[in-house]
Structure formats: structure tokens, C-alpha cells
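K.L.:
Dropping a prediction and its sequence here:
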Amino acid sequence: MQALEGKREIVLDFQIKHREVSEDNGIVVHESYSSDFTINGKSLLFELVSKSGSHGDFLGCFARGWDNLNKHSLKQLLLQEPPETGSGRSLIYVCPECADIGCGAYGCKISKVGEEYIWSEFAYENGYEDPDPIREVGPFKFSATEYERVVKRAFTL
């Protein structure tokens, strides 16, 4: 999912990711609804998982009932706050039970140049080991107007 090849417009959007409640050997998996960003109609989470070889059980950075996570994510994605990670990445997908980076998360570096936001240097990280870069995904450039519209809409999920 390389995005900067040619001059093709990159379309950012999101779909709702539903995680069903379940129980396995006494461990309850909580139900959630969260944002799964799409790039040109394809799930970004799916692309990250398929390139990294990890599992796909993650919560998008905007989720119903996670007000603190949502506000924090909005500020980071709009570059109103710096990322909290040592790597300088903003987290887009986090642990679906606690949203803690220690359980593993996917993130990217976000910058704004002129009237474009850029997502680059995607990686899986956990905060205590070196990030595992995912070089086959991105970078992506988005029109600032459309990017801000999509991010704010995902926030209201």
C-alpha cells in the first residue's frame, strides 16, 4: 500500500470496526466500536497487520465510550499535541482492552507541510522495545481540508 507513487490522489476515510463480546476460558473479551481508517477504500489496520505478521485485535484511536482516548487522539492527529511515544509516533491502533502501548500498538509519524498532512514511518511498538518499522505501508499525503474533516468525523464516532 505505497501511496506516494505517481500523482494519484490518496483518499482517507474510516469505517467502524466492531469487536464482539466473547469469553474464552474465563477471559472476557469486551465489545467495542472503533475507527478503522481506510486508504483508498482499504483498511489500514488490515494492511499493517498483513505486512507485520501480527494479530488484528486492535482498537482504533477513536472508540465509543473512550472519551479520554478520543480527545487525546484528536489532538495528536491534528498536531495540537506532540506524540507521547519516545519514537515520535502517534498511535492509530491500540490494545482493545486498555489502550496501553505496553500491550502493543500501531502508529506513524504525522506532519503537516503546507496544505497537506503526511502519515509516514509506520511501526508496531510497545514502549519498551525498539519499534518494528513497517516499510511496505505509506507514506500517505492527504489534503489538509479533507484530512481534518475525516479525523473530526471519526472523533464523533
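P.N.:
Looks like it came in fine.
K.L.:
Which residue ranges of the protein form strands?
P.N.:
Using DSSP state E, the strands assigned to the chain run over residues 12-19, 22-24, 27-29, 32-39, 42-43, 59-60, 90-94, 105-113, 116-125, 132-133, 140-143.
K.L.:
Only the C-alpha atoms, please, for the last one, written as PDB.
P.N.:
Output in PDB follows, covering the C-alpha atoms of strand 140-143 (Å, rounded to 0.1, in the frame of the first residue of the first chain):
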ATOM      1  CA  PHE A 140       0.500   8.900   2.600                       C
ATOM      2  CA  LYS A 141      -0.200  12.600   1.800                       C
ATOM      3  CA  PHE A 142      -3.700  13.900   2.500                       C
ATOM      4  CA  SER A 143      -5.300  17.200   1.600                       C
END
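K.L.:
what's the least confident helix or strand in this protein, going by average pLDDT?
P.N.:
One helix or strand of the chain scores below all others by mean pLDDT, DSSP states H and E: strand 27-29, with a mean of 64.
K.L.:
quick revisit: distance to Leu69 and mean neighbour count added to the strands of the chain, as JSON lines?
P.N.:
For glycine as for every other residue, the C-beta is placed from the backbone atoms N, C-alpha and C. Formatted as JSON lines, the strands of the chain follow (distance: least, CB to CB, whole Å; neighbours: other CB atoms under 10 Å):
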{"stretch": "strand 12-19", "distance to Leu69": "14", "mean neighbour count": "17"}
{"stretch": "strand 22-24", "distance to Leu69": "22", "mean neighbour count": "8"}
{"stretch": "strand 27-29", "distance to Leu69": "18", "mean neighbour count": "11"}
{"stretch": "strand 32-39", "distance to Leu69": "9", "mean neighbour count": "22"}
{"stretch": "strand 42-43", "distance to Leu69": "20", "mean neighbour count": "14"}
{"stretch": "strand 59-60", "distance to Leu69": "8", "mean neighbour count": "26"}
{"stretch": "strand 90-94", "distance to Leu69": "7", "mean neighbour count": "24"}
{"stretch": "strand 105-113", "distance to Leu69": "11", "mean neighbour count": "20"}
{"stretch": "strand 116-125", "distance to Leu69": "17", "mean neighbour count": "20"}
{"stretch": "strand 132-133", "distance to Leu69": "23", "mean neighbour count": "14"}
{"stretch": "strand 140-143", "distance to Leu69": "22", "mean neighbour count": "20"}
